[in-house]
Every structure is written in structure tokens, then in C-alpha cells.
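[1] structure, please.
(one chain, ligands or ions: 2)
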Amino acid sequence: MNTMTIAIDGPAAAGKSTVAKRVAEKLSFIYVDTGAMYRALTWKAIKEGVSLEDEKGLKSLLNHTELNLIKNELGQRVILDQQDVSDQIRTAEVTNQVSIVAKHKEVREEMVRRQQELVKDKGVVMDGRDIGTHVLPDAEVKIFMIASVDERAERRHKENIEKGFPSDLNQLKEEIRKRDEIDSNREVSPLVKAEDAIEVDTTSMGIEEVVHTILGIVKEKARKGDQG
Ligand code: CDP
Ligand code: CDP
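    Ligands and ions are numbered 1, 2, ... in the order given. The predicted model follows:
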């Protein structure tokens, strides 16, 4: 049980990271937010003027980039070349361009390599788009988390208002739709439900209810595992 791997995939704003973080806490597992890694590279590429269409340029930039996901008194943080970029990578500028960076094969191969390295002999909850299909194909538990576009946009809208950020519900809906479309239709590791993933539709579920559901799936899996 303490080295179990849990993969959570799904479209934008389905609640993956919120739920994954809580599940990891409950199980004392580490939590790996793979989206944050693509976001961090996107942020650095914009800052350094590397074209987001330039696969080789992005790969070379990534090779010269140290990325660490840590947990400190501020919570889960993303450290890029020793700088905490956790807030910078959540801006609309990064959000609306990250899917372009994430299309590139060479970028993905290196990201997947780094993600797999983080897992060795540890209990882990990892969320993203290709975790159950490519990063952790042998994960003991695979969840495909979905919710309607309207609900997902509402959730992000509410989150923005709470944080005091400007927010337009229709624009959010459009942006989420567009990102899902790019993520689902790219050639390399598109967003698809793994054959052995369990779909959880959270459209009318609260956070605690989703956490409870996933913990139930994990416990059932552990019980079956114990029985051999
Ligand atoms: O949290 P949100 O749903 O907004 O997105 P995220 O998980 O932070 O991921 C940002 C973007 O990174 C996604 O829209 C994908 O383009 C890309 N991504 C990916 O391609 N593969 C992953 N394993 C994780 C994220
Ligand atoms: O990681 P992902 O983009 O899939 O979603 P998230 O950032 O974890 O969740 C997006 C927003 O929806 C957050 O503000 C969560 O608090 C909220 N949420 C919710 O209202 N109900 C859920 N069942 C899950 C998340």
C-alpha cells in the first residue's frame, strides 16, 4: 500500500489537482502535479523569447532547466532554476499557451522521464493528461476525472473571483474548450481515458465526495492486492 501509484487524468479544471493533493495527504503519499512542469517550461520560454512552436529550442531550454516540485509552509511549490514560480505559472498568459508547448514529442519525452524518476519506491498520486496511459502505465489505480464544460468554467470563475482576479465566464468556457481540444487531438500522448481507468464524473460532486470516492477505490484495490 505505501508504494502504490495512483494516476489521475482528465480535462482542464475537472478538479484533479485539488482532489489529488487531498488524497495524497490522507495516504501520506507524495503528490506530483505534472501540469505544473509544462507550465513552468512555458513560462520560461515566454520569458526567454523561445518560440513555442520551436521543438528543438524548447527541448534545449528544458535540458538547461532545473525543475523541482516541493512542499513547504506555503504548500505545493514549483521551483524553476532555484526560483519559486508557483504564482507566475498560473497566469492566463501561460494557461492559454501551455498546450502548444505540451504538443512537442521531444519535450514530452523528457518530461515523462523526469516524472517517472520521481516515483521510484514511493507512494504517489500524480495528475495530468497522460499519466495512466504513458507515464505510469502500471499504476495500481487509474482515475479519469471529468465534469461538464459549464461546471468546470463555473469552478474556475468562482476561484478567480475568490482570489480577486478578473474573470469572464464565457471567455473561460471558450479557453477551457480550446485547451481540451488541443490536448485531446495532439499526435503525441493525447488526453484519452486509459482502458483500465475508472471514470469519475464530478459534475455534481463536491470536493470531499470525490476524495472519498477515490479513497474507496484505493482501499478496495489494496484489499484485493492483499488477497493476491
Ligand atoms: O490545472 P489545469 O487543468 O488548468 O491544467 P494543468 O494540469 O496545469 O496542465 C496544463 C497543460 O499542460 C494541459 O492543458 C496540457 O496541455 C499540459 N499537460 C500535458 O500535456 N500532460 C500532462 N501530463 C499534464 C499537463
Ligand atoms: O487540476 P484541475 O485543473 O483538474 O482542477 P483544480 O484546479 O483542482 O480545480 C478547479 C476548481 O474547481 C478549484 O477551484 C476547485 O476548488 C474546484 N472544485 C470543485 O468545486 N469541485 C470539485 N469536485 C473539484 C474541484
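[2] domain map for the chain?
    What the TED database lists as the domains of the chain is 1-29+122-222, 33-121.
[3] any residue of the first one up close to ligand 2?
    Yes: Domain 1-29+122-222 lies in contact with ligand 2 when judged by Cβ under 6 Å from any ligand atom; the contacting residues are 12-19, 155-156, 159, 202, 205-207, 210. Placement of C-beta: from N, CA and C, glycine included.
[4] in PyMOL, how would I select just the buried ones from the residues you listed?
    Command for PyMOL that selects the buried part of these, burial taken from 16 or more other Cβ atoms under 10 Å:
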select buried, resi 12+13+14+15+16+17+18+19+155+156+202+205+210
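[5] between the residues of domain 1-29+122-222 next to ligand 2, which is nearest ligand 1?
    Nearest to ligand 1, judged by Cβ to the nearest ligand atom, of the residues of domain 1-29+122-222 next to ligand 2 is residue 12 at 3.7 Å.
[6] residues touching the closest one, list them.
    By Cβ atoms under 8 Å, 6 or more residues apart in numbering, the contact list for residue 12 reads 152, 176, 179-180, 183.
[7] show me which residues of stretch 54-72 are buried.
    Neighbour-count burial for stretch 54-72, counted by 16+ other Cβ under 10 Å, picks out 57-59, 61-62, 65, 67, 69.
[8] give me the distance between the two termini of that stretch.
    End-to-end distance of stretch 54-72: 34 Å, with Cα to Cα, to the nearest Å as the criterion.
[9] in this protein, what residue is nearest ligand 2?
    residue 15 (2.5 Å).
[10] look at that residue and report its pLDDT.
    Residue 15 carries a pLDDT value of 97.
[11] checking residue 161 next. Helix, strand or coil?
    Three-state assignment for residue 161 (DSSP: H, G, I helix; E, B strand; the rest coil): helix.
[12] again, but for residue 32
    Secondary structure state of residue 32, per three-state DSSP, is strand.
[13] ok, the residue nearest to it when sequence neighbours are not counted to residue 112 distance?
    Leaving out its chain neighbours, the residue that sits closest to residue 32 by Cβ to Cβ, 6 or more residues apart in numbering is residue 126, at 4.2 Å. Here residue 126 is placed at a distance of 11 Å from residue 112 (Cβ to Cβ, to the nearest Å).
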